[in-house]
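Novice: turn this into a structure:
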Amino acid sequence: MQFPEAASRAKLQYSLLPNQPSTQRPAPIPGSIQRRETKIIVRTAASVKTRILTGPLENIVLNIVQARYRSLSKSVMSVPGLSHLVVNEVLKRVKKECKQLTSLKFNSVLRQTAPSALKDFQWMKVWAEWRTTAPTFLRFLEFASAASIETATAEGKQPGMGKKCVMAMAGAALLRARANHMCAPMYRNSLVMHHGRARKRCFEQFARLGICVSHASTLQKFKEMDHKWDSQFLQWKHNVCQAYPTTQHQAEGSATLSTLRDVDSSDENQDKTDSGQGHLDTRHTTNGSSLSESRIMQQSDDQQDQSSRARNAVWEIEVSLS
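Specialist: Residues are numbered from 1 along each chain as shown. Sure thing, here's the model as predicted:
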């Protein structure tokens, strides 16, 4: 008698259970889209425009929708006809940064070629200038040379300093090709080459490559350094020359030389038979040779003073380089 009631109760409980999700894929609806479709809708006050994207353009939209911005640039470069446009925009930015670096108004570190500026020149200043003013140009140099100016170790050291200097010198050479006055590192190289007694043809050859300046410009810079750093010594020398135009030795030598010329002209037609006359000629020749030797020694002393001052100036530059 109770069996039908139990059956009806079980049926009621089964009908109240929630619908379980089916593990089977639903059957496709006829006329429906079975693949992914990317559609753009541009709605304005005047009209509504739609477009269905396929291929590489579809990947760009998907990266934007899913906020995958790191993959967005790669998707743009994969679109035919857009990669060279992106590269041109990057090159325009590099050109703008280099134009700002080489301008007279900016007054770059590479443009400062005064003796005091050459003495205090450091590549760290150039890197700091490029990091703030020309970051794209700096990144280009870093990727081209596989060098980085950032500190790579936790100990505070900067490995590969030589590679960084090569990278910076290459960037300076490129900027000098754009503006001839961006030549502070080239002047320092020329001073070191002159200190190493490099030949003139070496200067001319490396100047064509943008590594140094010409030999004439190097000598002119040495003169500028003399007037800048040896101004007190040159003023003292000028005052001494004005106060004592000739020394006592030079005065005696000039008087002896004039006497010898008078004696030689008066005794030119006489026979030199007397032994005393021959002794006099020997004495005259000795005095004349001693006078010429004193002049030569004085000129050599002046040249040694000038070369020593130049060597001291270059030595200070080399110490700042190290």
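
Novice: what number of residues lie near Val79?
Specialist: Residue neighbour count, defined by other C-beta atoms under 10 Å, stands at 15 for Val79. Yep, even glycine has a C-beta here, placed from its N, CA and C like the rest.

Novice: can you classify it by secondary structure?
Specialist: Under DSSP: H, G, I helix; E, B strand; the rest coil, the three-state class of Val79 is coil.

Novice: contacting residues for it?
Specialist: 56-57, 60 (C-beta atoms under 8 Å, 6 or more residues apart in numbering).

Novice: which helices and strands sit right next to the helix or strand harbouring Gln205?
Specialist: Here Gln205 is covered by helix 200-208, with elements defined by DSSP states H and E. Using 3 or more C-beta pairs under 8 Å, 6 or more residues apart in numbering; DSSP states H and E, the elements in contact with helix 200-208 are helix 184-195, helix 215-229.

Novice: buried sites along that helix?
Specialist: Neighbour-count burial for helix 200-208 flags 203, 206-207 (criterion: 16 or more other C-beta atoms under 10 Å).

Novice: quick one on the thing from earlier: quick one: which of the contacts of Val79 is most hemmed in?
Specialist: That'd be Ile60 among the contacts of Val79, by other C-beta under 10 Å, with 21 neighbours.

Novice: can you give me the pLDDT of it?
Specialist: Among the per-residue scores, Ile60 holds a pLDDT of 83.

Novice: in this structure, which spans are helices?
Specialist: In the chain, the helices defined using DSSP state H lie at 3-16, 56-65, 72-77, 83-101, 115-119, 123-133, 135-145, 161-178, 184-195, 200-208, 215-229, 231-243, 248-266, 275-321.

Novice: least reliable of those by average pLDDT, please.
Specialist: Among the helices of the chain, helix 3-16 scores lowest, with a mean of 44.

Novice: about what we covered before: take the buried residues of helix 200-208 and write them to CSV, including distance to Asp120.
Specialist: Shown next, in CSV, are these (distance: C-beta to C-beta, whole Å):
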residue, distance to Asp120
Phe203, 24
Phe206, 24
Ala207, 24
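
Novice: between those residues, which sits nearest Ser78?
Specialist: Phe206 (44.2 Å; C-beta to C-beta).

Novice: just checking, the closest one touches Ser214?
Specialist: No. Phe206 is beyond contact range of Ser214, at 9.6 Å (criterion: C-beta atoms under 8 Å).

Novice: so what are the domain limits for the protein?
Specialist: Domains of the chain are assigned by automatic domain parsing as 43-80, 82-182, 184-260+298-322.

Novice: could you dump those into JSON lines with distance to Glu37 added?
Specialist: Listed next are these as JSON lines, based on distance: least, C-beta to C-beta, whole Å:
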{"stretch": "domain 43-80", "distance to Glu37": "6"}
{"stretch": "domain 82-182", "distance to Glu37": "22"}
{"stretch": "domain 184-260+298-322", "distance to Glu37": "57"}
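
Novice: of the ones you listed, which is nearest Arg36?
Specialist: domain 43-80 (8.1 Å).

Novice: name the residues of the closest one that come out as buried.
Specialist: In domain 43-80, counting by 16+ other C-beta under 10 Å, buried: 57-60, 62-63, 72, 75-76.

Novice: over to stretch 187-204?
Specialist: 187-191, 193-194, 198, 203.

Novice: and Val79, how close does it get to Leu57?
Specialist: Applying C-beta to C-beta, to the nearest Å, the value for Val79 to Leu57 is 6 Å.

Novice: sorry, wrong one. I was asking about Trp123.
Specialist: 45 Å.

Novice: ok, now Arg36?
Specialist: 13 Å.

Novice: and if you look at Ala207?
Specialist: From Ala207 to Leu57 the distance is 52 Å (C-beta to C-beta).

Novice: with Ala45 instead?
Specialist: 26 Å.

Novice: returning to that earlier point: ok, of the buried residues of helix 200-208, which one's closest to Leu234?
Specialist: Nearest member of the buried residues of helix 200-208 to Leu234, counting by C-beta to C-beta, is Phe203, at 26.2 Å.

Novice: the residue lying closest to Phe206 once chain neighbours are set aside: neighbour count?
Specialist: Nearest in space to Phe206, with sequence neighbours left out and distances taken as C-beta to C-beta, 6 or more residues apart in numbering, is Cys212 at 4.7 Å. Counted with other C-beta under 10 Å, residues neighbouring Cys212 total 27.

Novice: would you confirm that Cys212 contacts Gln205?
Specialist: No. Using C-beta under 8 Å, Cys212 is not in contact with Gln205, being 9.4 Å away.

Novice: just give the number of residues close to the closest residue to Thr50 other than its chain neighbours.
Specialist: Using C-beta to C-beta, 6+ apart and skipping residues adjacent in sequence, the residue nearest Thr50 is Ile41, 5.0 Å away. Ile41 has 8 neighbouring residues, counting by other C-beta under 10 Å.
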